[in-house]
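**Student:** here is a sequence together with a model predicted from it:
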Amino acid sequence: MTTRLNATVSLTEPADVLAAVPHMLGFHPTDSLVVLTLHDLAFTPRFGVTLRTDLPCSMHMCGFGEHLLSGPLGRQRVEAAVFVVVGAEPNACDDNCAGACRRPLLNGPDVPEYDTGPPHADLIDMVRDSFHRAGIVTAHALWAPEIRAGTHWRCYSDPECRGEVPDPKSSPVAAAMAAAGVVTFGSRDELRSLVAAESSQAVARWSAKLDALAEERLEDDDPTRVRRDVQLVLAAIQRAASGSALTEDDRLRVLLAVSDTRVRDIALGTALGDTARAAEELWLGLVRNAPTPELPEVAALLAFSAYLRGEGALAGVALERIEQTQPDHQLGSLLRQAIDTGLPPAELAAIARDAAEDARIMLEEDGAW
């Protein structure tokens, strides 16, 4: 779930909405149900969060709309929604719902063979009913096999509502994203590759160097070391923000410093200031080279910063790396819960400020600040 762009862009036609979806998510979805929430219908309607989920097999369709509303969208006070299905015909799958939610399918056998309607109409029918019972209006329900220039799209409610997807790269949202320096990826796997390890050789080299630095630190019993580590991290971010290149040794020392959760908690505050983008770029570079022991803390910093910018997809893949290496990581689990429940970034920012202040107070009390 994500809200990526804080700008005014008019989207009045279904085709424009379809072309905007990859940019609102951060990547081009496949085999997906995308929900775009709408708010302030009585005034100037605006889009809220954008949620993507895998298309469910028919045996998992029962209660799917209720699942969306009780989980990710439960906090959003949604007034209306646009549903976008991306994907071809559903896979063959036995329905194990035992008749609990069966109904005539909108694209089922009773529809003339010459026009069976868009695929996955049964899913849209069920989700739309669930949202209607929750008081949420369906503004549009659209289908396209993929979101690519020239692809034919259709509406679920009106057989005459159809057309071709305009080039997503030329959409008004794409222009606004480019102006804001925001990247849209070709797929979620492409996004995952952004945070993947650069190479096993690089990670092994960093691991050996980190071991040597850790040995040096064992001899340093200065109680103010944590304060010096915080200063080291902040100085590195300032240098990066000013355009100065950091050496590999600089980056290794930053990685080792933020592996201390007290330093990490204070470093969360860098996502709230003028050097936030420089800090995030530093975290991303460290994630790509971090050995397993040092990975979770810096990946959490990356996920936190990305989520505050509205980059929920990037935050999600950063958290995936934590979950693969340390599933019970406390901050990673809290951030995952924030994403899954749709916690507004502003609320998460307030939590980070409190965490940073608590960390400083604890260090002062211990004489380490």
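**Tutor:** Received it, and whenever you're ready, just let me know what you need.

**Student:** show residues contacting the helix ranked longest in the chain.
**Tutor:** Criterion DSSP state H: the longest helix present in the chain is helix 345-365. Residues from elsewhere that reach helix 345-365 (Cβ atoms under 8 Å, 6 or more residues apart in numbering): 3, 226-227, 262, 265-266, 268-269, 271-272, 304, 307-310, 338, 369. In short, each C-beta sits where N, CA and C put it, glycine included.

**Student:** now it: buried residues?
**Tutor:** Residues of helix 345-365 classed as buried under the neighbour-count rule (16 or more other Cβ atoms under 10 Å) are 345, 348-349, 352, 355-356, 359-360, 363.

**Student:** also stretch 244-259?
**Tutor:** Buried-residue list, stretch 244-259, by 16+ other Cβ under 10 Å: 246, 250-259.

**Student:** which regions of this protein lie under the pLDDT threshold?
**Tutor:** In the predicted model, the chain carries pLDDT under 70 at residues 1-12, 72, 90-115, 174-175, 177-183, 220-221, 223, 363, 365-369.

**Student:** ok, now how distant is the residue lying farthest from the centre of the chain from Thr292?
**Tutor:** In terms of distance from the mean C-alpha position of the chain, Glu219 ranks first, at 41.1 Å (Cα atoms, centre = their mean). From Glu219 across to Thr292, the span is 25 Å (Cβ to Cβ, to the nearest Å).

**Student:** quick one, what contacts the closest residue to Gly332 other than its chain neighbours?
**Tutor:** Counting by Cβ to Cβ, 6 or more residues apart in numbering, Ile322 is the residue found nearest to Gly332 once chain neighbours are left out, at 3.8 Å. Applying Cβ under 8 Å, 6+ apart, we find Ile322 in contact with 295-296, 299-300, 303, 329, 332.

**Student:** returning to what we had before: just the contacts of helix 345-365: which are in helices?
**Tutor:** 226-227, 262, 265-266, 304, 307-308, 338.

**Student:** what's Asp229 in contact with, if anything?
**Tutor:** Taking Cβ under 8 Å, 6+ apart as the test, what Asp229 contacts is 257, 260, 263.

**Student:** kindly report the same for Arg336.
**Tutor:** Counting by Cβ under 8 Å, 6+ apart, Arg336 has contacts 319, 323.

**Student:** helix, strand or coil: sort out it for me.
**Tutor:** helix (DSSP: H, G, I helix; E, B strand; the rest coil).

**Student:** helix, strand or coil: sort out Thr50 for me.
**Tutor:** strand.

**Student:** show me how far the longest helix of the chain is from its chain's centre.
**Tutor:** Chain-centre distance of helix 345-365: 23 Å, with Cα atoms, centre = their mean, to the nearest Å.

**Student:** same thing with stretch 65-82?
**Tutor:** Distance of stretch 65-82 from the chain centroid (Cα atoms, centre = their mean) equals 17 Å.

**Student:** contacts for that stretch?
**Tutor:** Taking Cβ under 8 Å, 6+ apart as the rule, stretch 65-82 contacts 1, 17, 35-41, 45, 48-49, 51, 53, 126-131, 134, 136-142, 340-344.

**Student:** moving C-terminal of the helix or strand hosting Asp229, what's the next helix or strand?
**Tutor:** Per DSSP states H and E: Asp229 is located in helix 225-241. The helix or strand immediately downstream of helix 225-241 is helix 248-258, counting by DSSP H and E.

**Student:** sorry, back to before: among the buried residues of helix 345-365, which pair sits farthest apart?
**Tutor:** Greatest spatial distance in those: Pro345 and Leu363, 26.6 Å, computed using Cβ to Cβ.

**Student:** span of stretch 297-316 from start to end?
**Tutor:** 15 Å (Cα to Cα, to the nearest Å).

**Student:** re the thing from before, out of the contacts of stretch 65-82, which sit inside helices?
**Tutor:** 17, 126-131, 340-341.

**Student:** okay if I get those residues as TSV plus neighbour count and distance to Glu164?
**Tutor:** As requested, these are exported to TSV (neighbours: other Cβ atoms under 10 Å; distance: Cβ to Cβ, whole Å):
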residue	neighbour count	distance to Glu164
Val17	22	14
Met126	19	28
Val127	26	25
Arg128	19	25
Asp129	14	30
Ser130	19	31
Phe131	22	28
Asp340	12	35
Thr341	14	37
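
**Student:** of those, which is the nearest to Glu146?
**Tutor:** Distances from Glu146 to those, taken by Cβ to Cβ, are shortest for Val17, at 15.2 Å.

**Student:** touching, the closest one and Ala144? I think so.
**Tutor:** No: Val17 is beyond contact range of Ala144, at 10.6 Å (criterion: Cβ atoms under 8 Å).

**Student:** now for these two: what residues contact both?
**Tutor:** With Cβ under 8 Å, 6+ apart, Val17 and Ala144 have common neighbours Val84.

**Student:** ok, Leu218 to Val258 distance?
**Tutor:** In terms of Cβ to Cβ, Leu218 sits 18 Å off from Val258.

**Student:** swap in Leu232?
**Tutor:** 10 Å.

**Student:** likewise Pro22?
**Tutor:** Relative to Val258, and taking Cβ to Cβ, Pro22 is found at 32 Å.

**Student:** how about Leu18?
**Tutor:** 41 Å.
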